[in-house]
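# Everything below, folded, please.
(chains A and B)
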Protein chains: 2
Amino acid sequence: MAVETARARTLTHADPAGVPLQAALDALADPVRRSILRDLAAHDDWTRACGTFDLPIKKATASHHFAVLRSAGLIEQRDEGARRLNRLRRAEFDAAFPGLLAATIDRAD
Amino acid sequence: MAVETARARTLTHADPAGVPLQAALDALADPVRRSILRDLAAHDDWTRACGTFDLPIKKATASHHFAVLRSAGLIEQRDEGARRLNRLRRAEFDAAFPGLLAATIDRAD
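Okay, here's the model as predicted:
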């Protein structure tokens, strides 16, 4: 079991079932966030660490994008040592917003 | 046939097939614009005039929202006398962005 760190304890997750449509659309209406989601959709759960995404932005900006995705119920994160791993919450988000991910990240921009 | 007026000639429409996903999402990520689209979806084509929508905003702001919807390929407008009538471009938009309208306006906010 991973040792819980102060950083890990600050991670809060939203249940997609309780996310307003507006928050879901705001999260998806950004090309960097969609690229993160497409990357996660193309890989197995928990295999992608935050620092390994090829994003044309600064680290602090990337952290903000991950936080937006987390609060919209789109991703789950957990810390393993120095790495913050990610999982696309496909099934839960699809249950709350049927068809929305398919209409946005399962196509090219 | 309606007489073309100077106002009518300023109306430009975007083909949904050429609208970027980002523009479609930006247009849909606004609660006032979604309420306009839901209203149009609930009525026959060309039966709703711009001034008859129950919107909690000023006329100039409403005009901006209609223009955004038009440029995203979501609505078509035409002038009949003093009235500007609207039509939801459901079939064309669905063809360009399968499932996106269903995931956004066919549900409560």
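# C-alpha only now, for contacts and for neighbours.
Will do.
# Could you list the contact residues of chain A toward chain B?
For chain A, the contact set with chain B under Cα under 8 Å from any Cα of the partner chain comprises A:20-22, A:25-26, A:28-31, A:97-100, A:102-104, A:109.
# any idea where the strands of chain A begin and end?
A:48-49, A:75-80, A:83-88 (DSSP state E).
# Can you tell me which residue is spatially central in chain A?
In chain A, the residue lying closest to the centroid (Cα atoms, centre = their mean) is A:I75, at 3.1 Å.
# Could you dump the strands of chain A into a markdown table and include mean pLDDT?
Listed next are the strands of chain A as a markdown table, based on pLDDT from 0 to 100:
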| stretch | mean pLDDT |
| --- | --- |
| strand A:48-49 | 96 |
| strand A:75-80 | 96 |
| strand A:83-88 | 97 |
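# that older thread, of the residues of chain A next to chain B, buried ones?
A:21-22, A:25-26, A:28-29, A:97-100, A:102-104 (16 or more other Cα atoms under 10 Å in any protein chain shown).
# Give me the below-cutoff pLDDT ranges for chain A.
Applying pLDDT under 70 to chain A flags residues A:1-9.
# could you redo the last one with a cut-off of 90?
A:1-12, A:54, A:106-109 (pLDDT under 90).
# how about the helices of chain A, start to end?
With DSSP state H as the criterion, chain A has helices at A:6-9, A:21-28, A:31-41, A:59-71, A:90-96, A:100-104.
# So for B:L85, which of the ones you listed sits nearest?
helix A:21-28 (27.2 Å; Cα to Cα).
# Show me what that closest one is in contact with.
With contact meaning Cα atoms under 8 Å, 6 or more residues apart in numbering or on different chains, helix A:21-28 is reached by A:33-34, A:68-69, A:72-73, A:97, A:104, B:25, B:28-31, B:104, B:109.
# With stretch A:38-48 instead?
A:F53, A:L85, A:N86, A:R87, A:L88, A:I105, A:D106.
# Check the separation of the first and last residues in that stretch.
12 Å (Cα to Cα, to the nearest Å).
# And for stretch A:29-49?
Where stretch A:29-49 begins and where it ends lie 23 Å apart, using Cα to Cα.
# Sort out which residues of it are buried, please.
Going by 16+ other Cα under 10 Å, stretch A:29-49 has these buried residues: A:29, A:32-41, A:46, A:48-49.
# ok, of the residues you listed, which one's closest to chain B?
Chain B lies nearest to A:A29 out of those, by Cα to the nearest Cα, at 5.4 Å.
# That closest one: what's it in contact with?
A:A29 neighbours (Cα under 8 Å, 6+ apart): B:Q22, B:L25, B:D26, B:A29.
# and it, backbone torsions?
Phi and psi for A:A29, reported as degrees, to the nearest 10, are phi -90, psi 40.
# pull the CA atoms of stretch A:59-68 into CSV?
Only the C-alpha atoms of stretch A:59-68 are listed here, as CSV (Å, rounded to 0.1, in the frame of the first residue of the first chain):
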residue,chain,number,x,y,z
LYS,A,59,3.9,22.6,-14.9
ALA,A,60,1.7,24.9,-12.8
THR,A,61,-0.8,25.3,-15.7
ALA,A,62,-0.8,21.6,-16.2
SER,A,63,-1.6,21.1,-12.5
HIS,A,64,-4.5,23.4,-12.8
HIS,A,65,-5.9,21.5,-15.8
PHE,A,66,-5.6,18.2,-13.9
ALA,A,67,-7.4,19.8,-10.9
VAL,A,68,-10.3,21.0,-13.2
